[in-house]
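Enquirer: I'd like to go over a predicted model; first the sequence, then the structure.
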Amino acid sequence: MIPIKDTDFLTSTMRVRCREKYLMDRERADRLVDARGDDDVIKVLNECGYGEIQSLSNQELDRVLQQFREELYAFLEEILPVPELLDVFRVRYDYHNIKALLKTSLIEEEGRGLLVSSGRVPSMKLYKAFKEQDFTELPPKMAEVIPEARELLARTDDPQKADFLLDKACLEEMFALAKGTKSAFLTDYVRLYIDIQNLRALVRSRRIGKDSAFLRSALVPGGHMKPEDVCLCLQEGGSIAALYASTKLVALAKEGEKAAKGEGTLTDFEKLCDNLLLEKVEASRNVSFGEQPVLAYLLLREAEMTMLRTVVSGRAAGLSTGKLREKLRARYA
């Protein structure tokens, strides 16, 4: 692919800037959390561009968010001079669908009803591949890993091991796709994402007493920290904070070490992980033009949709406004 020039993105940046006013901000998030009833929540969602919403049932919210995500990717694909940039993020939906199909018996509608759109591979094409057990027309990495994951699940009856394998393949594809775009921003973002995922795996492994072999199965190369160094830290009982002392993750690693020792919660640590990624995204919005502000808009919208699910499900579960606010990431808190 030809190296990306920021001037190629003048028009797409301007078109995204026009839509940024609809993003969820702290004021709208406060209104969402403090809403007295569903009508007030729906009003905020309308302001953010989610269209007509009949109710806040799980089924209706799934429909609204899926439609919004489809339209979001279609819009960005239309305005981006290099639409292949989106494949780095689409691949996550491919692997979500693979996990869903792997764990169903593929009875008509059972597997199909669990699929989401916006992947690189149309969901029904993936469904058909599973139905016919023919993966030859899928991207090479997927065609290779799906039979391996199926065999692993059948042999061990351990969905977690299959998930590790698929998560690893997904991250490896994201990194390869990002490098292929020649976008320094995108490659650096995915490397940071891999570093954070590997740190999460280290913290969880130490907290629940897993060995280095277990951790190794979850680690992905491509980040700034070598997987073998992460494994060695667990194996030798070394300091997580010291391991990451010279990296951008030093503050996060300190909190992770506390969580690994049981001195803090995994939920709080996970929030800090998400916040670090959002900080990088927010910083990229300040670039005048280029792929950065366009991709930042996509990532902020996706973070927003995750937040909406959290708040709506929390309200349905009867959580207090205080508890709901604790769940918000830094951008919305």
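Expert: Sure thing, it's come through.
Enquirer: okay, the residue lying farthest from the centre of the chain: pLDDT?
Expert: Most distant from the centre of the chain: Glu236, at 30.9 Å, with distances by C-alpha atoms, centre = their mean. On pLDDT, Glu236 comes in at 93.
Enquirer: how near is it to Leu243?
Expert: Shown here: Glu236 relative to Leu243, a distance of 10 Å by C-beta to C-beta, to the nearest Å. In short, each C-beta sits where N, CA and C put it, glycine included.
Enquirer: could you do Glu172 as well?
Expert: Distance from Glu172 to Leu243, by C-beta to C-beta: 22 Å.
Enquirer: comparing these two, which residue is more hemmed in?
Expert: Higher neighbour count among Glu172 and Leu243: Leu243, with 21 against 17, using other C-beta atoms under 10 Å.
Enquirer: and for the nearest residue to the more buried one once chain neighbours are set aside, the neighbour number?
Expert: In this structure, Leu243 finds its nearest non-sequential neighbour in Cys233, 4.8 Å apart by C-beta to C-beta, 6 or more residues apart in numbering. By other C-beta under 10 Å, 22 other residues sit near Cys233.
Enquirer: cool, and Thr247?
Expert: Neighbour count of Thr247, defined by other C-beta under 10 Å: 15.
Enquirer: quick one: contacts for it?
Expert: Contact partners of Thr247, counting by C-beta atoms under 8 Å, 6 or more residues apart in numbering, are Asp195, His224, Met225, Ala253.
Enquirer: quick one: which two of the residues you listed are the most distant?
Expert: Within the contacts of Thr247, His224 and Ala253 form the most distant pair, 12.3 Å apart (C-beta to C-beta).
Enquirer: compare the two and say which is more crowded by neighbours.
Expert: Ala253 (23 against 15).
Enquirer: how close does the more buried one sit to Thr247?
Expert: 8 Å.
Enquirer: tell me which helix or strand the residue positioned nearest the centre of the chain sits in.
Expert: With distances taken as C-alpha atoms, centre = their mean, the residue of the chain nearest its centroid is Arg92 (7.0 Å). Secondary-structure element containing Arg92, defined by DSSP states H and E: helix 87-102.
Enquirer: other residues contacting the helix or strand immediately after that helix in the chain?
Expert: Using DSSP H and E, the next helix or strand after helix 87-102 towards the C-terminus is helix 123-132. Helix 123-132 is contacted from outside by 94, 97-98, 101-102, 106, 111-112, 115-117, 119, 135, 137-138, 146, using C-beta under 8 Å, 6+ apart.
Enquirer: show me how to select, in PyMOL, the buried members of these.
Expert: To isolate the buried subset of the contacts of helix 123-132 in PyMOL, counting by 16 or more other C-beta atoms under 10 Å, use the following:
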select buried, resi 94+97+98+101+102+111+112+115+116+119+135+138+146
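Enquirer: point out the least confident one among the contacts of helix 123-132.
Expert: Checking pLDDT across the contacts of helix 123-132, the minimum falls on Leu106 at 48.
Enquirer: distance of Val190 relative to Asp25?
Expert: Counting by C-beta to C-beta - Val190 and Asp25 are separated by 26 Å.
Enquirer: neighbour-wise, which of the two wins?
Expert: Val190 (23 against 14).
Enquirer: now the angle from whichever strand or helix holds that one to helix 87-102?
Expert: Under the criterion of DSSP H and E, Val190 resides in helix 184-208. Counting by axes from the mean of the first three to the mean of the last three C-alpha atoms, to 10 degrees, helix 184-208 lies at 40 degrees to helix 87-102.
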